[in-house]
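Engineer: can't give you the sequence, but here's the structure:
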């Protein structure tokens, strides 16, 4: 199956700093990538959809200036949490889909963000 | 916003028993998918059922879909301790492949 990686797998940062999370499709071209957030014991909440070469589409209630998404190539999307606060601490998961995986999203292993 | 509900929220069974999880959703869909998540890990795709399908099997998994009731069920037969995980349903509608996840069922299979 298709492989999606995320880096880093976990990160601790201080309040007010910015953190960048990378999502890579390793063996297929990802025309679309999705970013989700998951709080403990809760489900995944879609944050935004990014298509290669265009601006991301954010879900209602997600601040686009706080969660910057860049999908500059067919294998890489990045999520930058700007001016992070403790309430941004969460598990961030990306998924990718492409021509080869049109009906299925392949999920990355997730990034655990802790803001102190 | 979440598409729908899953029940039960938590299920504890003995190894060898069957586990049934239900999912309800609110809008029309293209397909419904089931995923598994081990604690603190990413998601693993289990099975996809299209809106024109009523039942699908994959190994010990059986999924049903009732579009008139906007509901689906996942049956895991002959459960094993390794099946312990959270299970999520997710629906895909006509909005560019977006998946909307249910609340999830936390399954615990005791040896």
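Structural biologist: Perfect, thanks for sending it. Remember, predicted model here, so these are calculated numbers, not experimental data. Numbering: from 1, shown residues only, chains lettered A, B, ... in the order given.
Engineer: who in chain B is up against chain A?
Structural biologist: B:1-2, B:31, B:33, B:35, B:40-45, B:48, B:88, B:96-104 (CB under 8 Å from any CB of the partner chain). In short, each C-beta sits where N, CA and C put it, glycine included.
Engineer: Give me every residue in chain A lying close to chain B.
Structural biologist: Within chain A, the positions lying close to chain B (CB under 8 Å from any CB) are A:1, A:6, A:32, A:34, A:36, A:42-46, A:49, A:57, A:60, A:91, A:93, A:95, A:97, A:103-110, A:112.
Engineer: that older thread, which of the residues of chain B next to chain A are buried? Put it as a ChimeraX command.
Structural biologist: Applying 16 or more other CB atoms under 10 Å in any protein chain shown to these, the buried members can be selected in ChimeraX as follows:
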select /B:2,31,33,35,42,43,45,48,88,97,98,99,100,101,102,103,104
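Engineer: Poorly predicted segments of the chain, please.
Structural biologist: If you meant another chain, say so; for now it's chain A. Filtered on pLDDT under 70, chain A yields the residue ranges A:1, A:99-103.
Engineer: that's the other chain; I wanted chain B
Structural biologist: Within chain B, the stretches with pLDDT under 70 are B:1-4, B:95-96.
Engineer: ok, now with 50
Structural biologist: For chain B, the stretches with pLDDT under 50 are B:1-2.
Engineer: What residues sit buried inside the helix or strand residue A:50 falls within?
Structural biologist: Per DSSP states H and E: residue A:50 is located in strand A:44-51. For strand A:44-51, the neighbour count (16+ other CB under 10 Å) marks A:44, A:45, A:46, A:47, A:48, A:49, A:50 as buried.
Engineer: How about the last one: which residues does it bridge to?
Structural biologist: So that's residue A:50. residue A:33 (DSSP bridges).
Engineer: who's in contact with it?
Structural biologist: Contacts were defined as CB atoms under 8 Å, 6 or more residues apart in numbering or on different chains; by that measure residue A:50 touches A:32, A:33, A:34, A:35, A:56, A:57, A:69, A:70, A:71, A:77.
Engineer: wait, which of the residues you listed is closest to chain B?
Structural biologist: If you rank these by distance to chain B using CB to the nearest CB, residue A:32 comes first, at 6.1 Å.
Engineer: my guess is the closest one meets residue A:97, correct?
Structural biologist: Yes - counting by CB atoms under 8 Å, residue A:32 does reach residue A:97; the two are 5.1 Å apart.
Engineer: Which one's more surrounded, those two?
Structural biologist: Each of residue A:32 and residue A:97 has its neighbours counted (other CB atoms under 10 Å in any protein chain shown); residue A:97 has more, 23 against 20.
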